[in-house]
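Asker: Got a predicted structure plus its sequence, pasted below:
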Amino acid sequence: ITIPTAGQGNASDFSHGDKWLDFTAIQSSHGDRILNWKMIERDYNRRPIKPIIDLETTYPDVVIIKGMKPGNDDHARRSAYWSVFAGACGHTYGHNSIWQMFAPGRKPILSPESYWYEALDAPSARQMGYLRKLLESRPFLSRVPDQSLIASDPGDDIDHLQATRGDGYAFVYAPMGAGFRVHLGRITGDKVKASWFDPRTGKTAPID
């Protein structure tokens, strides 16, 4: 059984304490200003603890909310990293051309810019695999969100820094590439090895 909501709704607002509810899924919606980490954080902090996942967030080339710009690959990456770093149990990626299987002879919906078989090679589609490899490169079953790692202003808009930590490691996602400071004492160990991870390429480089 499912309880669907309309748009940016949380069924957990009504049914979180019900025994039949095993996990919560949300639709954070589409566009250039979707701050899905706020919705994930709210459900992650509910009691009793139940899994939360964003099943429909920013698709490249689509906009639903009036006044927003169309989402792109960058926005899709933000939604993915914000989601799993904020405590989601996984992430669902989508693309405007793929959900409707847009192809020659089919009526377009929401102005797709490519055919579905071309969108399979969208940069953000490939980049979801980089995120998975990053998470699986460390012990991830004990990983938790932890904003106390951030010693500077984490931001409350599209520049929001999202932190998570696990056994002996921590990740901080900086969507705008701006500088930030961290509390190293929040992780274990006498020494710290720090690196930059590029979510566009999946490559890691040591920090001087």
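Answerer: That came through fine.

Asker: Could you list the low-pLDDT ranges of the protein?
Answerer: The model of the chain has pLDDT under 70 over residues 5-9.

Asker: tell me the centre residue of it?
Answerer: residue 80 (2.4 Å; Cα atoms, centre = their mean).

Asker: three-state assignment of that one?
Answerer: Residue 80 carries the three-state label helix when classified by DSSP: H, G, I helix; E, B strand; the rest coil.

Asker: Give me the distance between it and residue 73.
Answerer: As judged by Cβ to Cβ, to the nearest Å, residue 80 and residue 73 stand 11 Å apart. (C-beta placed from N, C-alpha, C; glycine too.)

Asker: now swap in residue 27 and tell me
Answerer: Taking Cβ to Cβ, one finds residue 27 at 20 Å from residue 73.

Asker: Kindly report the same for residue 99.
Answerer: Distance of residue 99 to residue 73, given as Cβ to Cβ: 16 Å.

Asker: try residue 130
Answerer: For residue 130, the distance to residue 73 - Cβ to Cβ - is 12 Å.

Asker: could you pull out the helices for the chain?
Answerer: In the chain, the segments counted as helices under DSSP state H are 12-15, 36-44, 73-85, 96-99, 116-119, 123-136.
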